[in-house]
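Asks: got a sequence here, can you model it:
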Amino acid sequence: MTTRRNFLKGGVVFCGCGLLDRAHAQNPGGRTLPVAVNGKKVRTIDVHAHCYFHDVEPLVGPEIARRFLPPVNYAANAFIEIQKRLDAMDAQAVDMEVLSVNPYWYGLDRDLAAKVVKLQNEKMAELCAAQPNRFAGFASLTLQAPELAVQELETAVRKQGLKGAAIGGGVAGVEFSDPRFSPVWAKAEELGAVLFIHPQGVPELDKRLAGNGWLGNTIGNPLETTIALSHMIFEGTFDRHPGLKVIAAHGGGYLPSYADRSDHACLVGPAGCNPNIKLKKKPTEYLKQIYFDSLIFTPEAIRHLAAQVGSGQIVLGSDFPYIWELHPVDHIFACETLSDDEKRAILGETAAKLLNIRT
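Replies: Below you'll find the model as predicted:
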């Protein structure tokens, strides 16, 4: 077992950025720990936070391993020590991060991907065991080989203490609604494991998304989540797996913002729908069994998301150490339509229950 001291020496890699201190300086008034809502303390749990493990580079080479990093100067800015990460969490008013590694290995050979996943899950489990009050973890899965992913998920949850798995928005152009993934979803249901959907973009649109604005991420990532969830709804994945626990990154992409269109599609254009698929509910009703992170930036966006899916389906998310949201609790507090109980739920109570985290 790798010790806490070894991790503090740098066994785990957190991507950072030279903009980090500057961004903190621009908003010095953000909340810090401990967090309380109307005098009642709450343990804040950020379900959307990233790391990766330097140990995988000898397996795949540094260029492949670095695909998950933001577009910054890798040599100068890519690493921060665990203690600095904990200090950043304190400054962001985050008690616990649920860590994940962006799934860059779906295109690798099955056996090589399996080695990467095995090593990452072992390291993730060791890190979380070394810092149990600050970190929990999502496993990696070799989803290009679903039968292997079933075994990996079982090991991760039953033996390694991980909370579920972080997955992309599809695998090599195959949607998660495809029957080949059903054994993975069934195993997740059996284990009560949570699946955190984190998109990787829509490569088919790379040409159109090229240019200023980092549109492959800015637009492409939320779009992929929208596509993935829509397929799972319309193809009946949630009907076949009613106990499946899914968290969608970035507030679920664009789906919650235009969800009602989904209820009309097959009425307006039945030729574009499969008459053999009989959904048990209206498409929008499935949103109320999906969880969504709060990485949507403003109190008004939180108000709208809560109105669409229910406040009980929202959990805290920051995407740290990407600097999308360095004060993830602030817009929850600023959302005046939420009650104190709803704020506490979003800040940590819902995630603690969903992920079986002791508070």
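
Asks: quick one: low-confidence ranges for the stretch 1-150 of the chain?
Replies: Scanning the stretch 1-150 of the chain for pLDDT under 70 picks out 1-11, 13, 15-29, 65-80.

Asks: can you pull out the strands in it?
Replies: Secondary structure of the stretch 1-150 of the chain by DSSP state E, counting those that start in this stretch: the strands cover 12-13, 35-37, 40-42, 45-50, 52-53, 96-100, 135-137.

Asks: and those: which comes nearest Ser339?
Replies: Closest approach to Ser339 among these is made by strand 35-37 (9.4 Å; Cβ to Cβ). C-beta: built from backbone N, CA, C; applies to glycine.

Asks: okay, buried residues for the closest one please.
Replies: Buried positions in strand 35-37, judged by neighbour count with 16 or more other Cβ atoms under 10 Å: Val35, Val37.

Asks: then stretch 89-103?
Replies: Neighbour counts over stretch 89-103 (16+ other Cβ under 10 Å) mark 89, 91-103 as buried.

Asks: will you turn those residues into TSV that also has distance to Glu325?
Replies: Converted to TSV, the buried residues of stretch 89-103 look like this (distance: Cβ to Cβ, whole Å):
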residue	distance to Glu325
Met89	13
Ala91	13
Gln92	9
Ala93	12
Val94	11
Asp95	16
Met96	16
Glu97	13
Val98	15
Leu99	16
Ser100	16
Val101	20
Asn102	17
Pro103	22
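
Asks: ok, those vs Leu326, which is closest?
Replies: Looking across the buried residues of stretch 89-103 and measuring by Cβ to Cβ, the closest to Leu326 is Gln92, at 6.2 Å.

Asks: for the closest one, give me its contacts.
Replies: Contacts for Gln92 (Cβ atoms under 8 Å, 6 or more residues apart in numbering) come out as Gly30, Thr32, Asp46, Ser318, Phe320, Leu326, His327, Pro328, Val329.

Asks: can you check Met96 too?
Replies: Met96 sits next to Arg43, Thr44, Ile45, Asp46, Asn133, Arg134, Phe135, Ala136, Gly348, Ile357 when contact means Cβ under 8 Å, 6+ apart.

Asks: which one (most neighbours) among these?
Replies: Asp46 (29 neighbours; other Cβ atoms under 10 Å).

Asks: what are the bridge partners for that one, then?
Replies: Residues in a beta bridge with Asp46, per DSSP bridges, are Glu97.

Asks: can you tell me how far it sits from His327?
Replies: Counting by Cβ to Cβ, to the nearest Å, the separation of Asp46 from His327 is 12 Å.

Asks: repeat that for Thr237.
Replies: Between Thr237 and His327 the computed distance is 35 Å (Cβ to Cβ).

Asks: try Arg85
Replies: Arg85 is 16 Å from His327, where distance means Cβ to Cβ.

Asks: what of Leu99?
Replies: Using Cβ to Cβ, Leu99 is found at 20 Å from His327.

Asks: now Leu354
Replies: Distance check for Leu354 against His327: by Cβ to Cβ, it reads 23 Å.
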